[in-house]
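Student: Predicted model, plus sequence, below.
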Amino acid sequence: METKLDATLETRENRLVGDALLTIFLLTAVFFVNFVSRIVFGPLLPLIEQEMGLGHGQAGSLFLLISAGYCVVISLSGFVSAKLGHRTTVVLSSWSLAVSLIFVASASNPEQLRVGLLLLGAAAGLYLPSGMATMTGLVDRALWGRAIAVHELAPNLGFVGAPFLVELLCGALSWRGVLIVIGISSAIGGTAFLRWGKGGQSKGTAPSPTSLRTLSKESDFWLMMGIFGLGVGGSLGVYAMLPLFLVTDRGFELTGANSLVGLSRVSSMGMAFVGGWATDRFGPGKTMAAGLILGGMVTCFLGWTSGATLVIAVFLQPALAVCFFPPALAALSRIGPEHARSLTVSLVVPLGFLLGGGGIPAFVGFMGELGRFSLGFSLVGLVMLLSGVATRWLDLGEAKRVNALTQKGCEV
């Protein structure tokens, strides 16, 4: 029989769920704009390259600047949120991202463009730790998985939506106008979160020197950093340079190239769940290896195809590459001592993005400058394949878990 106390608690819980749900959607919207602001330069790259007089190598290095700013600030964001609190840090990220996008849009020469992109990456880097802390602080631990799943729709929708957004807006605006629209959207998103979002009153924690020393002695930490970087390179790195490759090396029109790249990412939203299922079924080590090896093989193949075969490869490559992330994030939670595992994520993820989201595009662009775009993609695919083999040297405790389950089964 339901008592008045039960009814009161249920009503309170429902109200909290409603507040939390609105905040999750607001944070997802903020994250979507944050992510699009970093990857939109892939679809815009042929236009920027032409107007600024950049070579393929210089164009590819622009992503390295974004990733460098992002990497440094996300690693140090704990110092900012420790002073300002998570809520203010989310708003600061959105507003500063808006300013940096407008600065990039007003750049009159490559030097100003590079400075603006470095600032853009730095502004974007403030968001993720504080956004995640705000969200998980509002939601019961048992519902974290669902909340994070909604939040993670942002990058997947960003991959699909960015090329189409460029095509939609470029019909009436220049590439500069596209950036201004995204910047205004970022400011609106931050303001909406400030007005209607809940939570985020807690403050962050700055990384301690003791934890850094502990992690630096873990060989798995360094190996996983390289593997994660190549996994990011297979997804974000390839995405960043694919429109430029299709336009300049395969003769696509910009509209066709962006439409193809955008549509090819639709499957990644479903394949991420496949990667999660495989992680639970086979373990993170084996699933990571499979994703990297298969994704690496298709990336190798991508550089040497044309026509219908190229279209198939463009669709297949991201579907396989995205399967890497669920097992990789699960593997990160098993590396290092328990008290330092959050620090493992906060260091490996940004440094992985620096390598995969910055270094890989810069390398592919450099190869394109030499007239070797195809070879650049193939070498990236080869290194991805080799990193899949290298996962066998990660100690993720999977063998111990299997032995324990086997022993338990024998006892029963």
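Tutor: Here it is on my side, so go on.
Student: tell me the centre residue of the protein?
Tutor: P155 (6.3 Å; Cα atoms, centre = their mean).
Student: In terms of helix, strand or coil, where does the nearest residue to that residue once chain neighbours are set aside fall?
Tutor: Using Cβ to Cβ, 6 or more residues apart in numbering and skipping residues adjacent in sequence, the residue nearest P155 is F35, 4.8 Å away. Quick note: C-beta positions are derived from backbone N, CA and C, even for glycine. Put simply, F35 is helix when judged by DSSP: H, G, I helix; E, B strand; the rest coil.
Student: ok, F35 touching N156?
Tutor: No: between F35 and N156 there is no contact under Cβ atoms under 8 Å: 9.3 Å.
Student: Comparing these two, which shows the higher neighbour count?
Tutor: The residue with more neighbours, out of F35 and N156, is F35; 22 against 19, by other Cβ atoms under 10 Å.
Student: Now the residue nearest to the centre of the chain: which helix or strand?
Tutor: Take DSSP states H and E as the rule and P155 turns out to sit in helix 153-170.
Student: Quick check: next helix or strand after that helix?
Tutor: Under the assignment DSSP H and E, the closest C-terminal helix or strand after helix 153-170 is helix 175-196.
Student: to the chain's geometric centre, what's the distance from that following helix?
Tutor: 19 Å (Cα atoms, centre = their mean, to the nearest Å).
Student: Any buried residues in the next helix or strand after it, and which?
Tutor: Using DSSP H and E, the helix or strand that follows helix 175-196 in sequence is helix 209-216. Buried residues in helix 209-216, counting neighbours by 16 or more other Cβ atoms under 10 Å, are found at 211, 214-215.
Student: Ok, stretch 252-264 next?
Tutor: So, applying 16+ other Cβ under 10 Å, buried residues of stretch 252-264: 252, 254, 257-262, 264.
Student: do stretch 21-30 as well
Tutor: 23-24, 26-30.
Student: okay, the buried residues of helix 209-216 in a markdown table with distance to S106 and pLDDT next?
Tutor: Formatted as a markdown table, these follow (distance: Cβ to Cβ, whole Å; pLDDT from 0 to 100):
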| residue | distance to S106 | pLDDT |
| --- | --- | --- |
| S211 | 41 | 70 |
| T214 | 45 | 74 |
| L215 | 41 | 76 |
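Student: and A172, how many residues sit next to it?
Tutor: Residue crowding around A172 was assessed by other Cβ under 10 Å; the count is 8.
Student: Can you tell me how far it is from V166?
Tutor: Using Cβ to Cβ, to the nearest Å, we find A172 at a distance of 12 Å from V166.
Student: ok, now P243?
Tutor: P243 sits at a distance of 9 Å from V166 (criterion: Cβ to Cβ).
Student: Overlap in contacts, those two.
Tutor: Overlap of the contact sets of P243 and V166 (by Cβ atoms under 8 Å, 6 or more residues apart in numbering) consists of 43, 258.
Student: Point out where the protein drops to low pLDDT.
Tutor: Applying pLDDT under 70 to the chain flags the ranges 1-18, 141-142, 144-145, 205, 333, 336-343, 345, 397-412.
Student: Stretch 348-368: end-to-end distance?
Tutor: End-to-end distance for stretch 348-368: 29 Å, by Cα to Cα, to the nearest Å.
Student: With stretch 224-240 instead?
Tutor: End-to-end span of stretch 224-240 (Cα to Cα): 23 Å.
Student: cool, stretch 250-270 as well?
Tutor: End-to-end distance for stretch 250-270: 29 Å, by Cα to Cα.
Student: how about the helix or strand harbouring V91 as CSV, C-alpha atoms only?
Tutor: Assessed by DSSP H and E, V91 sits inside helix 86-105. As requested, the backbone C-alpha atoms of helix 86-105 are provided in CSV (Å, rounded to 0.1, in the frame of the first residue of the first chain):
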residue,chain,number,x,y,z
HIS,A,86,31.6,23.5,-13.2
ARG,A,87,28.5,25.5,-14.0
THR,A,88,30.5,28.7,-14.7
THR,A,89,33.1,26.8,-16.6
VAL,A,90,30.5,25.4,-19.0
VAL,A,91,29.2,28.9,-19.7
LEU,A,92,32.7,30.3,-20.0
SER,A,93,33.5,27.6,-22.6
SER,A,94,30.5,28.4,-24.7
TRP,A,95,30.9,32.2,-24.6
SER,A,96,34.7,32.1,-25.3
LEU,A,97,34.1,29.6,-28.1
ALA,A,98,31.7,32.1,-29.7
VAL,A,99,34.3,34.9,-29.5
SER,A,100,37.1,32.6,-30.9
LEU,A,101,34.9,31.5,-33.8
ILE,A,102,34.1,35.1,-34.7
PHE,A,103,37.8,35.9,-34.5
VAL,A,104,38.6,33.1,-36.9
ALA,A,105,35.9,34.3,-39.2
